[in-house]
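Enquirer: after the sequence you'll find the predicted model.
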Amino acid sequence: QVQLVESGGGLVQAGGSLRLSCAVSGGTSKYYYAVGWFRQTPGKEREFVAVLNWNDRYIADSVKGRFTISGDNGHDTAYLQMNNLKPEDTANYYCVATPLFTSSYDYLRATSYEYWGQGTQVTVSS
């Protein structure tokens, strides 16, 4: 069973930066999972943010140019670097994982991910 543990959320002023971490453990092999992030605000659907599928990176248009996703060499920790944060980035951020996928995979859909972390709150003040 894959376990995901997020850290790094908090309160920051608009224009500031935060880095989220997601530690991946368990599963048949830690090298076989795509790891990413979704976010959610009360009353809204979960929104795709970014995913790292081995060495391929996919970033949502809403955060492109401000957020980057990366992983360590051991592929057991994923990072979401968030720069130039805006109040509309305020949300609960969830780490997600699923087995590595091909180019036809619907990575934008929340139901495409098998494993979810418990979430970490990011609040951006204006």
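Expert: Done, it's in. Numbers count the residues shown, from 1 in each chain.

Enquirer: three-state assignment of the closest residue to residue 50 other than its chain neighbours?
Expert: Nearest in space to residue 50, with sequence neighbours left out and distances taken as Cβ to Cβ, 6 or more residues apart in numbering, is residue 69 at 4.1 Å. In this view, the C-beta of every residue, glycine as well, is placed from N, C-alpha and C. Under DSSP: H, G, I helix; E, B strand; the rest coil, the three-state class of residue 69 is strand.

Enquirer: residue 69: what's it in contact with?
Expert: 36, 37, 50, 51, 52, 57, 59, 78, 79, 80, 81 (Cβ atoms under 8 Å, 6 or more residues apart in numbering).

Enquirer: and with 7 Å instead?
Expert: 36, 50, 51, 52, 57, 59, 78, 79, 80 (Cβ atoms under 7 Å, 6 or more residues apart in numbering).

Enquirer: and the residues you listed, which of them are in strands?
Expert: 36, 50, 51, 52, 57, 59, 78, 79, 80 (DSSP state E).

Enquirer: so how far is residue 60 from the third one?
Expert: For residue 51, the distance to residue 60 (Cβ to Cβ, to the nearest Å) stands at 10 Å.

Enquirer: among those two, which residue is more densely surrounded?
Expert: For residue 51 and residue 60, the more surrounded residue by other Cβ atoms under 10 Å is residue 51, and the numbers stand at 26 against 16.

Enquirer: relative to residue 13, how far out is the more buried one?
Expert: Taken as Cβ to Cβ, the span from residue 51 to residue 13 is 28 Å.

Enquirer: cool, thanks, talk later.
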